[in-house]
Each structure stands twice: as structure tokens, then as C-alpha cells.
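>>> how does the following fold in three dimensions:
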Amino acid sequence: MSTNVTKLIVSLRSAEFPIWNTCDGPDHSPELRIRGFTPETQSMAVFALNPFESGCSFTTWIIWNLLPTALLPEGIPVQGVVAAPISAVQGTNDYGTIGWRGPCPPRGETHRYIFKVYGLDAMLDLAAGADKHDLIAAMQGHVLQFGETAATYSR
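Numbers count the residues shown, from 1 in each chain. Got it, this is the predicted structure:
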């Protein structure tokens, strides 16, 4: 693997989560737009982190073995192995559940979620339900690209 990690351009629909991506709605995973993949990129992994919840790395979603795509669709089913609307594997978030867990700050607070997207040189041999530490270990030596974005939600 090259030591030069190239940039991915990552964006969400808006800088604020719509209600349907939160606990105040149906809590669907958000749509992510990603540009800048190189031909060497074989898969991608996504982490969503809420730095306001129990420290700076509280993980609310991990998903990997996604084919490099310009659009990660909204509403990924809450299951370990996903076949539709895209193929992917999801892990256990820091709430202890598999799949997306959206913003649900206490009333009167605003929380910010950070999305980190990694372009990898391979699909990962990692079982569904793995945690963030397992995913980080599996990604070692495979990261070619990186990008991030963020959004907030207030209650």
C-alpha cells in the first residue's frame, strides 16, 4: 500500500439531519455522496461518530465492503449482511446494536455527527457484527483514500 492517502470528497444532503434520519423520525441511515475514487479502490468503509456522546469516538454506525459508489443510499436495513439496496456488511455500534443509530440528543442540545469514509484496496474478511476496533484492525494496510463530512441535529 502507498503511504500517500488521497482525498475523497464526502457530503450529506444538508448540514442538518432531516428528521427521518433521527430518533424523532423513522431513524433511516443518511444518504452519503462520495467522489474522487481512484481505479485502485476496491471497497469502502464508513464510520459515523458522535463526539458529544461519551467521549470523542462514540461510534453510531460502521459499515464496510461497500463497492466504491458515488451515492450510498439512505435507509440501509438494520442487519449484519445487507443485499439491498446495496451490498455491505455492518457492525455493532457503541449502543450495542447493528446498523445505523441516528441522532437523539437530549432536549435543548445540538449534537454533531462526523462521517469518515475510507477507500480500501480490498474487500475485508470481517464478519457482520464486528466492532469498530475489529474494523480498524482489518483496515490496517488497506487504506488508499479518506474523506469526511459532518451534520448536526438539535432537539
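
>>> most remote residue from this protein's center?
Gly108 (25.9 Å; C-alpha atoms, centre = their mean).

>>> report pLDDT for that residue.
In this model, Gly108 is scored at 94, pLDDT.

>>> doesn't it lie inside a helix?
No. Looking at Gly108 with DSSP: H, G, I helix; E, B strand; the rest coil, it is coil, so not inside a helix.

>>> and it, how far is that from Asn50?
17 Å (C-beta to C-beta, to the nearest Å). C-beta: built from backbone N, CA, C; applies to glycine.

>>> could I have stretch 95-112 exported to CSV, CA atoms only?
Extracted in CSV, the C-alpha atoms of stretch 95-112 (Å, rounded to 0.1, in the frame of the first residue of the first chain):
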residue,chain,number,x,y,z
TYR,A,95,-25.0,1.3,21.5
GLY,A,96,-24.5,-2.5,21.1
THR,A,97,-26.8,-2.8,18.1
ILE,A,98,-26.1,-3.5,14.4
GLY,A,99,-26.6,-0.8,11.8
TRP,A,100,-27.3,2.9,11.9
ARG,A,101,-28.4,4.7,15.1
GLY,A,102,-29.2,8.3,14.4
PRO,A,103,-29.1,11.5,16.4
CYS,A,104,-31.1,11.7,19.6
PRO,A,105,-29.6,14.4,21.7
PRO,A,106,-31.3,15.5,25.0
ARG,A,107,-33.8,18.3,24.6
GLY,A,108,-32.2,21.7,24.3
GLU,A,109,-28.9,20.2,22.9
THR,A,110,-27.3,20.1,19.5
HIS,A,111,-25.1,17.1,18.6
ARG,A,112,-22.7,16.8,15.6
